[in-house]
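Visitor: any chance you could fold what I've pasted below:
(4 chains)
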Protein chains: 2
Amino acid sequence: MEFHSTVSHLLQRVGTAHKTFLEKRLNETGLHSGQVFLLVELWKRDGRRQVDLAAALNVAAPTINKTLTGLIENGLVTRDRVEDDARSTRIFLTESGKAIRKRLEDQWFEIESEILTELTDAERLMLIEILNKLKYFYYGTDPDDE
Amino acid sequence: MEFHSTVSHLLQRVGTAHKTFLEKRLNETGLHSGQVFLLVELWKRDGRRQVDLAAALNVAAPTINKTLTGLIENGLVTRDRVEDDARSTRIFLTESGKAIRKRLEDQWFEIESEILTELTDAERLMLIEILNKLKYFYYGTDPDDE
DNA sequence: CAATTTTAGTTAGCCCGCTAATAATCTTTT
DNA sequence: AAAAGATTATTAGCGGGCTAACTAAAATTG
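Guide: Okay, here's the model as predicted:
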């Protein structure tokens, strides 16, 4: 048994390489990958609190907070306080944040098709199935998707 | 077609979660994941230059440089200049760097087995095969392993 | 051989994760 | 009602990726 032949090693190396690849392809949109993942979550349903978004993305609160600051500076999102709980904030998409969706989706699916040239259809489906299993292992929750 | 159903989205989220998981499990060894990946490369063959290690791990030169500084501070590695080329450095394992291997391997395979409880044997093999395909896509090279 | 180009390493600074520590605001308990 | 405990957001600081910019040393070209 060798390090290189473990799932753990391979997944980490490929994960890192994939993220770098993503960042490069997203570069022309002016956004970074973390911002896109947060936007995707907001397109699903905005008006949520930071703690809810952190849970949905399975990241720590400060990560959301920092990424949010970037999105606000880009004018895509607002961080509003609401009277029912003075601790929390509600995150809303601006018009600009809603409008950018189509463009990002197009870019996203272009990126996706680049990757898919490497895989057969059966491999793609298998990979998605396996990654979903691992996702629920790491996220520690049951599927929440619609 | 939705963001969440793309390989790209799933791979990134699982990759991030996996890295976080790894870091937590490696915490008790006193090392971080990037340091371990570099050590693994050096156990394979040390005495290489930074640029060679960067190529082997498919990361940028400054990443190797920074990670190396941490390993040197931990006394696991040395950065030696050699007379045949005054630009480059050669990276060697110290005794301590060699000695830590067994302990890290044990920890690594323990981590691996935690993940593998989620997958059937067929899934594990399939995942490794698919990730290897993606790896060679991202790394942009042919297999270099022994 | 001199001038240019390429290569190796480094530094600074950014994004995306994290933990630890604070402050402010609920909520619960007594 | 007062005290104690949880929860929310935030800040500071670190590792692991990156790019851009710089220095020094080869290597190549004219």
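Visitor: so who does the residue nearest to the spatial centre of chain A touch?
Guide: With distances taken as Cα atoms, centre = their mean, the residue of chain A nearest its centroid is A:Phe37 (2.4 Å). Residues near A:Phe37 by Cβ atoms under 8 Å, 6 or more residues apart in numbering or on different chains: A:Leu57, B:His9, B:Gln12, B:Arg13. From N, CA and C alone the C-beta is placed, and that goes for glycine too.
Visitor: ok but it is inside a strand, no?
Guide: No: membership of A:Phe37 in a strand is not supported by DSSP: H, G, I helix; E, B strand; the rest coil, which gives helix.
Visitor: and the residue lying closest to A:Tyr138 once chain neighbours are set aside, helix, strand or coil?
Guide: Take A:Tyr138 and drop its neighbours on the chain: the residue closest to it by Cβ to Cβ, 6 or more residues apart in numbering or on different chains is B:Ala17, 3.5 Å away. Per three-state DSSP, the local secondary structure of B:Ala17 is helix.
Visitor: surely B:Ala17 and A:Gly140 touch.
Guide: No: the criterion here is Cβ atoms under 8 Å, and B:Ala17 misses it with A:Gly140 at 9.4 Å.
Visitor: more crowded one of those two?
Guide: B:Ala17 (20 against 8; other Cβ atoms under 10 Å in any protein chain shown).
Visitor: need the contact list for the more buried one.
Guide: A:Asn58, A:Leu134, A:Lys135, A:Tyr138, A:Tyr139.
Visitor: ok, now how distant is the closest residue to the first one other than its chain neighbours from DNA strand D?
Guide: Translated: A:Asn58. Excluding the flanking residues, the one nearest A:Asn58 by Cβ to Cβ, 6+ apart is A:Tyr139, at 4.8 Å. Counting by Cβ to the nearest atom of the strand, to the nearest Å, the separation of A:Tyr139 from DNA strand D is 17 Å.
Visitor: over to A:Ala86?
Guide: As defined by Cβ to the nearest atom of the strand, A:Ala86 lies at a distance of 9 Å from DNA strand D.
Visitor: so where does that residue fall, helix or strand?
Guide: Here A:Ala86, judged by DSSP states H and E, is contained in no helix and no strand.
Visitor: neighbours of it, just the number please.
Guide: Using other Cβ under 10 Å, A:Ala86 has 8 neighbouring residues.
Visitor: need phi/psi at it.
Guide: Main-chain dihedrals, A:Ala86, degrees, to the nearest 10: phi -70, psi -10.
Visitor: same check, this time on A:Thr89
Guide: Main-chain torsions, A:Thr89, degrees, to the nearest 10: phi -120, psi 160.
Visitor: bridging residues for it?
Guide: With DSSP bridges as the criterion, A:Thr89 is bridged to A:Arg81.
Visitor: does it touch A:Arg81 like I think?
Guide: Yes: the pair A:Thr89 and A:Arg81 qualifies as a contact (Cβ under 8 Å) at a distance of 5.7 Å.
Visitor: out of the contacts of A:Phe37, which are inside helices?
Guide: A:Leu57, B:His9, B:Gln12, B:Arg13 (DSSP state H).
Visitor: so what's A:Leu71 up against?
Guide: Neighbours of A:Leu71 in contact, by Cβ under 8 Å, 6+ apart: A:Gln35, A:Leu38, A:Leu39, A:Val77, A:Gly97.
Visitor: and what of A:Val77?
Guide: Here A:Val77 is in contact with A:Leu39, A:Leu42, A:Leu68, A:Leu71, A:Ile91, A:Phe92, A:Leu93, A:Thr94, A:Gly97 (criterion: Cβ under 8 Å, 6+ apart).
Visitor: what distance do you get for it to DNA strand C?
Guide: The gap separating A:Val77 from DNA strand C is 13 Å, by Cβ to the nearest atom of the strand.
Visitor: give me phi/psi at that residue?
Guide: Dihedral angles (degrees, to the nearest 10) for A:Val77: phi -150, psi 150.
Visitor: mind pulling up the pLDDT for the closest residue in space to it that isn't next to it in sequence?
Guide: Ranked by Cβ to Cβ, 6+ apart and with sequence neighbours excluded, the top spatial neighbour of A:Val77 is A:Leu71, at 4.2 Å. On the pLDDT scale, A:Leu71 is placed at 97.
Visitor: export the helix or strand where A:Leu71 lies to PDB, keeping only CA atoms.
Guide: Counting by DSSP H and E, the element that carries A:Leu71 is helix A:61-73. Coordinates of each C-alpha in helix A:61-73 appear next as PDB, following Å, rounded to 0.1, in the frame of the first residue of the first chain:
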ATOM      1  CA  ALA A  61     -18.900  31.200   9.900                       C
ATOM      2  CA  PRO A  62     -15.800  33.400   9.300                       C
ATOM      3  CA  THR A  63     -15.400  32.000   5.800                       C
ATOM      4  CA  ILE A  64     -18.900  33.100   4.900                       C
ATOM      5  CA  ASN A  65     -18.400  36.500   6.500                       C
ATOM      6  CA  LYS A  66     -15.200  37.200   4.500                       C
ATOM      7  CA  THR A  67     -16.600  36.000   1.200                       C
ATOM      8  CA  LEU A  68     -19.700  38.100   1.800                       C
ATOM      9  CA  THR A  69     -17.600  41.200   2.200                       C
ATOM     10  CA  GLY A  70     -16.100  40.600  -1.200                       C
ATOM     11  CA  LEU A  71     -19.600  40.100  -2.800                       C
ATOM     12  CA  ILE A  72     -20.900  43.300  -1.100                       C
ATOM     13  CA  GLU A  73     -17.900  45.300  -2.500                       C
END
